[in-house]
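S.K.: Prediction below, plus the sequence it came from.
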Amino acid sequence: MPEQLQSAYETIFISVPTLIAEDLAALIERFKKVITDSGGEIESVDEWGKRRLAYEINDFWDGYYVLINFTGPGSLPAELERLFGISDDVLRSIVIKKGE
């Protein structure tokens, strides 16, 4: 079976600020597991912490920001975006392919 082409990506997601530490850690681990189970490799995870949002989202003025840099197959960003979209704990997210 041919090896899939790996590209570099970064994703930032903002979780609701009301999660307790254990639930936040589980949320981050869940998305890291999606990346690794899909054939991706995590380069770094940077928790920016709780920050003020530019505008109110779903009755929240604050959110917890997490940045993940990773490599993976081309199908991975769509799957991550799908999972971010159905997660009640994620306010906003974006997946970006790094420069070519």
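M.R.: Arrived safely, thanks for sending. Residues are numbered from 1 along each chain as shown.

S.K.: Excluding sequence neighbours, find me the nearest residue to residue 72.
M.R.: In space, and not counting its chain neighbours, residue 72 is closest to residue 40: 2.9 Å by C-beta to C-beta, 6 or more residues apart in numbering. C-beta: built from backbone N, CA, C; applies to glycine.

S.K.: distance of the residue lying closest to residue 35 once chain neighbours are set aside from residue 55?
M.R.: Excluding its sequence neighbours, the residue lying closest to residue 35 (C-beta to C-beta, 6+ apart) is residue 70, at 5.1 Å. As judged by C-beta to C-beta, to the nearest Å, residue 70 and residue 55 stand 28 Å apart.

S.K.: Now do the contacts for residue 15.
M.R.: By C-beta atoms under 8 Å, 6 or more residues apart in numbering, the residues touching residue 15 are 24, 27, 63-64, 66, 89-91.

S.K.: Please identify which of residue 70 and residue 55 sits among more neighbours.
M.R.: More crowded of residue 70 and residue 55, by other C-beta atoms under 10 Å: residue 70, with 26 against 5.

S.K.: thinking that one is in contact with residue 39, fair?
M.R.: No: the pair residue 70 / residue 39 is not scored as a contact, 10.7 Å apart, by C-beta atoms under 8 Å.

S.K.: Between the two, which contacts overlap?
M.R.: residue 76.

S.K.: Ramachandran coordinates for residue 88?
M.R.: When read as degrees, to the nearest 10, the backbone of residue 88 gives phi -70, psi -20.

S.K.: which other residues reach the longest helix seen in the chain?
M.R.: Ranked by residue count, the top helix of the chain under DSSP state H comes out as helix 21-37. Contacts to helix 21-37, defined as C-beta under 8 Å, 6+ apart, come from residues 11, 13, 15, 19, 41-42, 45, 47, 64, 66, 68, 70, 72, 76, 79-80, 83-84, 87, 89-90.

S.K.: Cool, thanks, talk later.
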